[in-house]
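Asks: How does the following fold in three dimensions:
(chains A, B, C and D)
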Protein chains: 2
Amino acid sequence: MKKSIENKSVKMRDVADHVGVSAATVSRALRNPEVVSEALRTKIAAAIESLGYLPDPAARALASTRSDVIGVILPSVTNNVFSAVMDGIYSAAEGTRYSVQLGYSRYAPLSEENLIRLFLRQRPTGLIVTGIDQTDAAKALLQEADCPVVQIMETGPAPHDRMIGFSHYQAARAATAHLIAQGYSQPGFLGARMDPRTQRRLQGFRDELRAHGIDEGRRVHSTTYPSSVTLGGHLLAQLMDAAPETDAIFCINDDLALGAMFEAQRRNLRIPQDLGICGFNDMEMMGAAEPSLTSVRTFRREMGAGAVQLILDALSGGARPDGNIVDLGFEIMPRHSTRRNS
Amino acid sequence: MKKSIENKSVKMRDVADHVGVSAATVSRALRNPEVVSEALRTKIAAAIESLGYLPDPAARALASTRSDVIGVILPSVTNNVFSAVMDGIYSAAEGTRYSVQLGYSRYAPLSEENLIRLFLRQRPTGLIVTGIDQTDAAKALLQEADCPVVQIMETGPAPHDRMIGFSHYQAARAATAHLIAQGYSQPGFLGARMDPRTQRRLQGFRDELRAHGIDEGRRVHSTTYPSSVTLGGHLLAQLMDAAPETDAIFCINDDLALGAMFEAQRRNLRIPQDLGICGFNDMEMMGAAEPSLTSVRTFRREMGAGAVQLILDALSGGARPDGNIVDLGFEIMPRHSTRRNS
DNA sequence: TTGTATGCGTTATCAA
DNA sequence: TTGATAACGCATACAA
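Replies: You can find the predicted model right below:
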């Protein structure tokens, strides 16, 4: 079965001629196979295969007022938290007839709004956006969108449509509670970028401290710079200089945690005795580090795949029983870096 | 200037009516502004702005037999080597009228071939593919493609069209030479995935050893599993068990190097005295690690951005003087993990 | 410099 | 179940 490479633009019409039917029938064989007779269907399929026909997505989109793309808007290319999300998205889209169109907002709400506008112009099959912090205009656009919209990475009270993620606030509280349960009494906070999602994590940290009657003192250190391993080291240095009593840190993400670990080693702070460290996201390296690092596991790949599935579900049926909000939760992964008791 | 949100599909015709010209003029104002009178151009621009007009990409593609997408085919979503490449690509495409369409081959040549076929069907503005190891069919497709094609990540003798990258073979030789120059006499090799690009790095390692009359012994350890920090630890463990004389390692990438470092620490091997470590790619963490880790810096973001630029150049002109091959080179970043002398 | 007319490849409406 | 035919929104001859 040698596949034709020289398919210099074979079109639906050519397939139709080859079989001896009208183009309309070929179109139906592709879109609504069930209304085409078995006999024709197989002949058409064979012709498509032998001619190497591939439909023109532009023509299809123009005629059907619907393109087969799933638009995805993420805040960052480089933050590898989103690599896993993308992996899930692409995996779930693979094998379907939908293709993925990616846009990056660079954490800029206005840029996100423009991307939404742009993507909507293509009449996509579905739209996946990150988080719950859209501009008002963006919210309006999403509200009017005539396609399923899924918000990922977070859960919240009022989804535009559907939503899959977890509570960053609760996750941060749980992480902080873990530190306290391990006997740390002066936990600090290391944050970077400090986008709204991160802010909610800080809020969780603070509320948990308060719930235990612990004053945060000068132990919250953050910056709006994007996070990095290097930055984690710098932030820990600042923190320890400003608040030497700090005996544990909750880091907004694993890069900061890793950098903080290295800095702690440079300062000859013993982990976990002198300093407990907890990261966020539980990237693969956390378990492999020496010492291994505690983190909050999040289900990033599942969020991506789940979001696509939510769109597919929406296409082929109604609302979900769970009110269209899927909370994937999180999981504290206790490791050596916070193993003070026992 | 409140932007219309309720642009329920305003089309070129609406803009034209609003200004009192024909749709063709609006079209020209967008595509060939220079042939439209100054007066009309500004009026049209104003109308577009106030009506919130956005062109329909499908209609545009259909009518012009050319879509404004730049197709990009990468092997992996999760390998964050490619995050930086994507960052470069998206940055360079931003502000142009082109949008990026991403496809992932999962390191499967056949899957890459299918993606090329699929993307070409959209008559893209340009195509960016990874490396030089396409199937014959894919090569044929690229050869016939009626758009600029850029191969990234690598240089090689016979580009399909244009090429931007570096020599993995030379980079590996240089890294190995660095280890030897630092006084290590029994360097080992840690590899994962072992795709063709990685194989060429291994070849470089071997040839450099040979050039110094060093026998590789049992010090080459690799696996086809995808690389990870954890795997780096396992591989080092295997290597040290099989070849305890090993005094340095060249790792196929930074994740392996980091994992090897952790494993070395677990085994109480002193870095760099007992074991020198060199990674590949020079991710941000390498300089921040404790001890800091030597690596081979590669210009990933620049490859992405450069690839887009090559396409843009091709569109607006002829061939480059340099034979259409851009070699971005690499740079050895010597750090503590190989600082044995001095 | 601008307008008119036609076509891009597919889907959808309507008949048959 | 299938076939003609008219959109879909825009770009480009060609004419003016």
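Asks: Show me the helices in chain A, by range?
Replies: In chain A, helices defined by DSSP state H lie at A:12-19, A:23-31, A:38-51, A:57-64, A:81-93, A:109-120, A:136-144, A:168-181, A:196-211, A:229-242, A:254-266, A:284-288, A:300-315, listed in chain order.
Asks: can you put those helices in JSON lines and add distance to B:P55, mean neighbour count and mean pLDDT?
Replies: For glycine as for every other residue, the C-beta is placed from the backbone atoms N, C-alpha and C. Written out in JSON lines, the entries for these read as follows (distance: least, CB to CB, whole Å; neighbours: other CB atoms under 10 Å in any protein chain shown; pLDDT from 0 to 100):
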{"stretch": "helix A:12-19", "distance to B:P55": "25", "mean neighbour count": "18", "mean pLDDT": "95"}
{"stretch": "helix A:23-31", "distance to B:P55": "25", "mean neighbour count": "18", "mean pLDDT": "96"}
{"stretch": "helix A:38-51", "distance to B:P55": "31", "mean neighbour count": "16", "mean pLDDT": "95"}
{"stretch": "helix A:57-64", "distance to B:P55": "12", "mean neighbour count": "18", "mean pLDDT": "95"}
{"stretch": "helix A:81-93", "distance to B:P55": "25", "mean neighbour count": "22", "mean pLDDT": "96"}
{"stretch": "helix A:109-120", "distance to B:P55": "10", "mean neighbour count": "20", "mean pLDDT": "95"}
{"stretch": "helix A:136-144", "distance to B:P55": "17", "mean neighbour count": "16", "mean pLDDT": "95"}
{"stretch": "helix A:168-181", "distance to B:P55": "38", "mean neighbour count": "22", "mean pLDDT": "98"}
{"stretch": "helix A:196-211", "distance to B:P55": "32", "mean neighbour count": "19", "mean pLDDT": "98"}
{"stretch": "helix A:229-242", "distance to B:P55": "41", "mean neighbour count": "21", "mean pLDDT": "98"}
{"stretch": "helix A:254-266", "distance to B:P55": "40", "mean neighbour count": "25", "mean pLDDT": "98"}
{"stretch": "helix A:284-288", "distance to B:P55": "43", "mean neighbour count": "21", "mean pLDDT": "98"}
{"stretch": "helix A:300-315", "distance to B:P55": "25", "mean neighbour count": "22", "mean pLDDT": "96"}
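Asks: Same list, those helices, but as JSON lines with distance to B:Q186 please.
Replies: Listed next are the helices of chain A as JSON lines, based on distance: least, CB to CB, whole Å:
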{"stretch": "helix A:12-19", "distance to B:Q186": "63"}
{"stretch": "helix A:23-31", "distance to B:Q186": "61"}
{"stretch": "helix A:38-51", "distance to B:Q186": "56"}
{"stretch": "helix A:57-64", "distance to B:Q186": "56"}
{"stretch": "helix A:81-93", "distance to B:Q186": "36"}
{"stretch": "helix A:109-120", "distance to B:Q186": "52"}
{"stretch": "helix A:136-144", "distance to B:Q186": "59"}
{"stretch": "helix A:168-181", "distance to B:Q186": "44"}
{"stretch": "helix A:196-211", "distance to B:Q186": "46"}
{"stretch": "helix A:229-242", "distance to B:Q186": "30"}
{"stretch": "helix A:254-266", "distance to B:Q186": "27"}
{"stretch": "helix A:284-288", "distance to B:Q186": "25"}
{"stretch": "helix A:300-315", "distance to B:Q186": "40"}
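Asks: among the ones you listed, which is nearest B:G259?
Replies: Evaluated with CB to CB, the helices of chain A place helix A:284-288 nearest to B:G259, the distance being 5.3 Å.
Asks: Tell me how far the residue in the stretch 151-300 of chain A positioned nearest to DNA strand D lies from A:M283.
Replies: Ranking the residues of the stretch 151-300 of chain A by distance to DNA strand D (CB to the nearest atom of the strand) places A:D161 first, at 23.3 Å. As defined by CB to CB, to the nearest Å, A:D161 lies at a distance of 30 Å from A:M283.
Asks: which one of these two has more residues nearby?
Replies: For A:D161 and A:M283, the more surrounded residue by other CB atoms under 10 Å in any protein chain shown is A:M283, and the numbers stand at 26 against 20.
Asks: List the residues that contact the nearest residue to A:S167 once chain neighbours are set aside.
Replies: If you skip the residues right next to it in sequence, A:S167 has A:T155 as its closest partner in space, 5.5 Å away by CB to CB, 6 or more residues apart in numbering or on different chains. If a contact means CB atoms under 8 Å, 6 or more residues apart in numbering or on different chains, then A:T155 has A:163-167, A:325-327 as its contacts.
Asks: Could you tell me the model confidence score at A:T65?
Replies: As summarised for this prediction, A:T65 has a pLDDT of 87.
Asks: Report the contact partners of it.
Replies: By CB under 8 Å, 6+ apart, the contact list for A:T65 reads A:R123.
Asks: do you know how far it is from A:C147?
Replies: When CB to CB is the yardstick, A:T65 and A:C147 sit 11 Å from each other.
Asks: shared neighbours of those two, which are they?
Replies: A:R123.
Asks: Could you pull up the residues touching the most centrally placed residue in chain A?
Replies: Central residue check for chain A by CA atoms, centre = their mean: the C-alpha nearest the mean position is that of A:V85, 4.0 Å away. Taking CB under 8 Å, 6+ apart, we find A:V85 in contact with A:74, A:152-153, A:300-301, A:303-304.
Asks: Distance to DNA strand D for those - can I get that in TSV?
Replies: Conversion of the contacts of A:V85 to TSV gives the following (distance: CB to the nearest atom of the strand, whole Å):
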residue	distance to DNA strand D
A:L74	27
A:I152	30
A:M153	33
A:R300	37
A:R301	37
A:M303	34
A:G304	31
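Asks: Can I get the residues you listed in CSV including distance to chain B?
Replies: What follows is these, written out as CSV (distance: CB to the nearest CB, whole Å):
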residue, distance to chain B
A:L74, 11
A:I152, 15
A:M153, 17
A:R300, 10
A:R301, 9
A:M303, 14
A:G304, 9
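Asks: Next, format these as TSV and append distance to A:R97.
Replies: Compiled in TSV, these are given as follows (distance: CB to CB, whole Å):
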residue	distance to A:R97
A:L74	23
A:I152	22
A:M153	26
A:R300	25
A:R301	22
A:M303	22
A:G304	18
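Asks: Which of those lies at the shortest distance from B:S227?
Replies: Using CB to CB, the shortest approach to B:S227 within the contacts of A:V85 belongs to A:R301, at 17.6 Å.
Asks: my read: the closest one touches A:Y90, true?
Replies: No - applying CB atoms under 8 Å as the test, A:R301 and A:Y90 come out as separate, 10.3 Å apart.
Asks: Leaving out chain neighbours, which residue sits closest to the residue nearest to the centre of chain A?
Replies: Sequence neighbours aside, A:G304 is the residue nearest to A:V85 in space, at 4.1 Å (criterion: CB to CB, 6+ apart).
Asks: that older thread, just the buried members of the contacts of A:T155?
Replies: The neighbour-count criterion (16 or more other CB atoms under 10 Å in any protein chain shown) marks A:163-167, A:325-326 among the contacts of A:T155 as buried.
Asks: So which of those sit within strands?
Replies: Judged by DSSP state E, strands contain the following of the buried ones among the contacts of A:T155: A:163-165, A:325-326.
Asks: Run through the residues of the stretch 151-300 of chain A sitting next to chain B.
Replies: Neighbours of chain B within the stretch 151-300 of chain A, by CB under 8 Å from any CB of the partner chain: A:228-230, A:232-233, A:255, A:258-259, A:262-263, A:265-266, A:284-285, A:287-290.
Asks: same thing but 10 Å
Replies: Counting by CB under 10 Å from any CB of the partner chain, the stretch 151-300 of chain A comes close to chain B at A:228-234, A:255, A:258-259, A:261-267, A:283-292.
Asks: Show the end-to-end separation of stretch A:130-148, please.
Replies: In stretch A:130-148, first residue to last residue: 14 Å (CA to CA, to the nearest Å).
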